[in-house]
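Asker: Turn this into a model:
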Amino acid sequence: MNNKELVNRQREYFLSGKTLPVSERVNNLKKLRRAILDFEGKILQALYEDLGKSEFEAYATEIGVTLHELSYMIRKLPSLAKPRRVKTPLTHFPSTSRLYRDPYGVVLIVAPWNYPFQLLMMPLIGAIAGGNCTVLKTSASAPATSTVVKEMLLSAFPEEFIAVVEGREAGSRDLPDEEFDLIFFTGSVNVGREIMERAAKNLTPVVLELGGKSPCIVDETADLALAAKRIIWGKSINSGQTCVAPDYVLVHSSVKDALVGAMKQAIPLLLGEEMLNNKDLPCIVNQHHFERLTGLIDTGNVVYGGRSNPQERKIELTILEGVTWDCPVMQEELFGPILPILTYDDREEMLRFLARREKPLALYLFTESKEMEELVTARLSYGGGCINDTIMHVANIHLPFGGVGKSGMGSYHGKDSFAAFTHAKGVVKRAKRMDLPLRYPPYDSKGKMQILRRFLR
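Answerer: Purely as a prediction, here's the structure:
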């Protein structure tokens with residue numbers, strides 16, 4: 001069937017009311033959980049085929065976090081979905097006010113290739129919890145995972161409720177042109193801009209999870225050995241193909257050499273003396289990105305790493321020194337295992353400079369200074385981040401995840417996933433037993449105006 005027929009079938013299913021009962025939503029979440037557990041082996045194999053992910057990394061960053069989110073939503077959905085009574089001003093007396101969370105209807109979820117399972121399933125959990133019907137578009141760059149996801153969801157749900165359109169299928173790129181009630185997109189800034197333009201034609205609201213150059217600040221008080229280990233760990237996950245990976249390090253010049261030295265010690269301990277022979281090192285997703293990244297390496301001063309294996313599309317985690325803000329590696333989100341090192345001397349100047357740059361999806365700060373912690377948190381705008389760690393904020397189900405400015409709009413995870421896929425509908429219920437004449441014309445009474453001024457000020 002074509003895209004329009006698919007959306008129309010889902011809309012009819014939604015209008016039947018079958019997705020609305022909270023008990024049915026919980027049952028569907030449980031079905032999804034069972035399906036993931038049944039297909040776990042196939043999912044792990046597909047992630048290895050697409051990205052060379054080890055079983056540990058694939059489970060930790062794709063399957064495990066999804067199951068954790070499902071467990072949370074199954075447990076919390078009945079309370080999240082309850083109408084909530086809110087305060088009513090005295091001007092509305094006698095009345096009560098309630099907040100209802102309504103599903104949007106038929107939603108589109110577009111996922112990228114770097115976490116091709118997790119970044120489909122996590123928003124899908126919110127869509128199911130919200131009572132929506134969902135079309136999922138997979139990435140053409142992760143074909144093995146796409147195939148398994150489609151097989152898994154077809155085994156659990158009818159297509160009029162949840163449908164998968166693979167990125168390789170004809171017409172898949174045209175999906176955002178259909179009249180969806182919400183589009184949830186994860187991917188690059190450029191494609192996000194295109195999605196928003198196409199959604200605007202139908203006045204379709206969007207959630208955009210994008211990216212940007214996420215800085216990692218290391219000041220002169222930081223525990224350098226710990227900082228080095230945690231920065232390298234955060235950069236090595238999925239070979240740096242992570243939207244919240246530390247994109248570059250901005251270190252106080254007085255400790256730059258010591259930090260780089262600590263990184264040189266940490267890398268072989270974490271990734272092995274011969275990184276390219278490490279079977280747990282993920283590969284670069286395709287030849288285009290492999291050539292893009294190796295080309296960027298050639299533009300810098302390599303002080304560690306730099307080698308690659310074209311046959312397996314693997315690149316060593318590479319540290320670049322002598323980098324300026326005008327260098328090619330600082331002109332785009334790297335999305336790979338390249339870590340430029342820049343320095344600063346004046347804290348105030350550094351903060352002002354970062355505040356003028358595009359707002360990143362993540363920011364990391366390594367410091368022992370409470371003052372520095374408060375300054376960075378208060379003065380810099382970014383999607384989210386960590387102090388004395390990297391990446392871990394994304395794994396906290398109680399924190400919203402999302403960008404700001406060009407790094408995205410809207411957020412999800414945990415209760416925020418439910419909020420992202422529902423509309424907050426306010427309803428006032430007015431009692432019939434009393435009908436104060438104040439609000440009705442004529443308005444020429446001086447007494448009415450005095451009473452109005454007393455209540456509305």
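Asker: chain center to stretch 111-126, what's the gap?
Answerer: How far stretch 111-126 lies from its chain's middle: 9 Å, per CA atoms, centre = their mean, to the nearest Å.
Asker: Revised request: answer the last question for stretch 16-28.
Answerer: Taking mean C-alpha positions (CA atoms, centre = their mean), stretch 16-28 and its chain are 26 Å apart.
Asker: again with stretch 55-62
Answerer: Centroid displacement of stretch 55-62 relative to its chain, using CA atoms, centre = their mean, is 17 Å.
Asker: Could you pull out the buried residues of that stretch?
Answerer: Neighbour counts over stretch 55-62 (16 or more other CB atoms under 10 Å) mark 57-59, 61-62 as buried. Using the backbone N, CA and C atoms, a C-beta is placed for each residue, glycine as well.
Asker: so how many other residues sit close to residue 158?
Answerer: By other CB atoms under 10 Å, the residues close to residue 158 number 14.
Asker: about what we covered before: can you lay out the buried residues of stretch 55-62 as TSV showing pLDDT?
Answerer: Output for the buried residues of stretch 55-62, formatted as TSV (pLDDT from 0 to 100):
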residue	pLDDT
57	97
58	98
59	98
61	97
62	98
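Asker: give me the element residue 250 is part of.
Answerer: strand 248-252 (DSSP states H and E).
Asker: strand partners of that strand, parallel vs antiparallel please.
Answerer: strand 215-218 (parallel), strand 338-344 (parallel) (DSSP bridges).
Asker: These: which one's closest to residue 229?
Answerer: strand 215-218 (12.4 Å; CB to CB).
Asker: List of residues touching the closest one?
Answerer: Residues from elsewhere that reach strand 215-218, judged by CB atoms under 8 Å, 6 or more residues apart in numbering: 224, 227, 231, 234, 246-252, 255, 259, 350, 354, 360, 363-367, 376, 390.
Asker: same check, this time on stretch 423-437
Answerer: If you take CB under 8 Å, 6+ apart as the criterion, stretch 423-437 is touched by 86, 88, 92-104.
Asker: Restricted to strands, list these.
Answerer: 86, 95-103 (DSSP state E).
Asker: Looking at those, which one is closest to residue 413?
Answerer: Using CB to CB, the ones in strands among the contacts of stretch 423-437 come closest to residue 413 at residue 101, 16.7 Å.
Asker: For beta bridges, what are the partners of the closest one?
Answerer: Applying DSSP bridges, one finds that residue 101 bridges with residue 424.
Asker: Could you single out the most deeply buried of the strands paired with strand 248-252?
Answerer: Greatest average neighbour count among the strands paired with strand 248-252 goes to strand 215-218 (a mean of 25), per mean count of other CB atoms under 10 Å.
Asker: Show me what the following helix or strand past that strand is packed against.
Answerer: Counting by DSSP H and E, the next helix or strand C-terminal to strand 215-218 is helix 224-236. Counting contacts by 3 or more CB pairs under 8 Å, 6 or more residues apart in numbering; DSSP states H and E, helix 224-236 is packed against strand 215-218, helix 256-271, strand 362-366.
Asker: What is the burial count for the residue lying closest to residue 112 once chain neighbours are set aside?
Answerer: Counting by CB to CB, 6 or more residues apart in numbering, residue 187 is the residue found nearest to residue 112 once chain neighbours are left out, at 4.5 Å. When counting by other CB under 10 Å, one arrives at 21 neighbours for residue 187.
Asker: Distance-wise, check residue 439 relative to residue 248.
Answerer: 59 Å (CB to CB, to the nearest Å).
Asker: more crowded one of those two?
Answerer: residue 248 (21 against 10).
Asker: so who does that one touch?
Answerer: So residue 248 contacts 213, 215-216, 323, 329-330, 334, 339-342 (CB under 8 Å, 6+ apart).
Asker: what sits opposite it in the beta ladder?
Answerer: Residues in beta-bridge contact with residue 248 (DSSP bridges): residue 215.
Asker: pLDDT at it, what is it?
Answerer: Here the pLDDT value assigned to residue 248 is 98.
Asker: sorry, back to before: among the ones in strands among the contacts of stretch 423-437, which two are most distant?
Answerer: Across the ones in strands among the contacts of stretch 423-437, the longest distance by CB to CB is 26.1 Å; it joins 95 and 103.
Asker: now the strands for the stretch 51-200 of the chain?
Answerer: Applying DSSP state E, counting those that start in this stretch to the stretch 51-200 of the chain gives strands spanning 84-86, 95-103, 106-110, 133-137, 162-165, 182-186.
Asker: which residue ranges form the helices in the stretch 301-450 of the chain?
Answerer: For the stretch 301-450 of the chain, applying DSSP state H, counting those that start in this stretch gives helices covering 347-356, 370-379, 415-420, 446-455.
Asker: How about the stretch 1-150 of the chain?
Answerer: All helices of the stretch 1-150 of the chain, identified by DSSP H, counting those that start in this stretch, fall at 3-15, 22-38, 40-51, 55-58, 64-80, 118-130, 143-156.
Asker: What is the second one packed up against?
Answerer: What that stands for is helix 22-38. By 3+ CB pairs under 8 Å, 6+ apart, helix 22-38 packs against helix 64-80, helix 118-130, helix 143-156.
Asker: pLDDT averaged over the shortest one - what is it?
Answerer: For helix 118-130, the mean pLDDT works out to 98.
Asker: And for the last one?
Answerer: Regarding helix 143-156, the rounded mean pLDDT is 98.
Asker: quick one, that helix and helix 118-130 angle?
Answerer: Inter-element angle recorded for helix 143-156 and helix 118-130: 20 degrees (by axes from the mean of the first three to the mean of the last three CA atoms, to 10 degrees).
Asker: before we move on, what about the longest one?
Answerer: Here the directions of helix 64-80 and helix 118-130 differ by 10 degrees (the same axes, to 10 degrees).
Asker: one step back: and the strands paired with strand 248-252: which comes nearest residue 24?
Answerer: strand 215-218 (44.5 Å).
Asker: okay, that closest one in CSV with CA atoms only?
Answerer: Extracted as CSV, the C-alpha positions of strand 215-218 are listed here (Å, rounded to 0.1, in the frame of the first residue of the first chain):
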residue,chain,number,x,y,z
PRO,A,215,32.1,20.5,24.3
CYS,A,216,34.0,18.9,27.1
ILE,A,217,35.5,21.5,29.5
VAL,A,218,38.4,20.5,31.7
